[in-house]
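**Student:** give me coordinates for this.
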Amino acid sequence: MALRYGAPSDTNLYGFKICDVPRLLCASPDYLSRHGRPIHPDDLENHNGLFYQLQDIPFDLWTFKRGDEEYRVKMTGDRASNDGDLVRRWCVAGRGLAIKSCLDISDDLREKVGELMNAMIAGGFFPPDRLSGGKKDD
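**Tutor:** Below is the predicted model:
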């Protein structure tokens with residue numbers, strides 16, 4: 001038995017969903033004190049995005065939902081990696097905003113540690129469970 005994100009890539013394997021794993025827009029308290037806390041997705045244009053990338057395509061098109069409203073933001077940023085933990089460490093170090101799985105950042109979100117915060121909680125906007133990748137020519 002194994003646990004993983006997403007559907008199995010091997011068609012001989014069987015998988016089923018056991019839970020939703022929410023994603024959060026997160027940042028370090030230091031980053032938010034220097035750049036301000038975004039309340040609405042429109043506020044993100046002045047922020048540095050930290051991107052996970054797969055096959056050289058950064059996931060820089062961020063979608064946020066609040067009720068039936070959906071907002072898409074093409075982010076800009078100075079860092080991208082195919083290592084999700086490296087993106088988390090950049091975020092903890094105050095280098096920018098990232099969208100991360102709650103599972104990936106659970107220790108960082110705990111009050112006793114306080115290394116990361118949910119950056120857009122005040123506006124009630126939340127990223128969906130999946131990220132969208134931008135195209136190389138965007």
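**Student:** what's the neighbour count on residue 43?
**Tutor:** Look at residue 43: counted by other C-beta atoms under 10 Å, it has 16 neighbours. All C-beta spots, glycine's among them, are computed from the backbone N, C-alpha and C.
**Student:** okay, strands next: where are they in this structure?
**Tutor:** Counting by DSSP state E, the chain has these strands, from start to end: 23-27, 50-54, 57-58, 61-66, 69-74, 79-81, 98-101, 117-118.
**Student:** closest one to residue 9 among the ones you listed?
**Tutor:** Of all these, strand 50-54 sits nearest to residue 9, with 12.5 Å by C-beta to C-beta.
**Student:** which residues of this protein fall in helices?
**Tutor:** 29-35, 84-92, 102-109 (DSSP state H).
**Student:** now do the longest one and strand 50-54, the angle between them.
**Tutor:** An angle of 170 degrees separates the directions of helix 84-92 and strand 50-54 when computed by axes from the mean of the first three to the mean of the last three C-alpha atoms, to 10 degrees.
**Student:** ok, now which ones touch residue 81?
**Tutor:** For residue 81, the contacting residues are 51-53, 87, 90, by C-beta atoms under 8 Å, 6 or more residues apart in numbering.
**Student:** quick revisit: would you turn the strands of the chain into CSV with distance to residue 109 and mean pLDDT?
**Tutor:** Formatted as CSV, the strands of the chain follow (distance: least, C-beta to C-beta, whole Å; pLDDT from 0 to 100):
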stretch, distance to residue 109, mean pLDDT
strand 23-27, 8, 88
strand 50-54, 16, 93
strand 57-58, 24, 92
strand 61-66, 18, 88
strand 69-74, 22, 90
strand 79-81, 21, 96
strand 98-101, 10, 90
strand 117-118, 7, 75
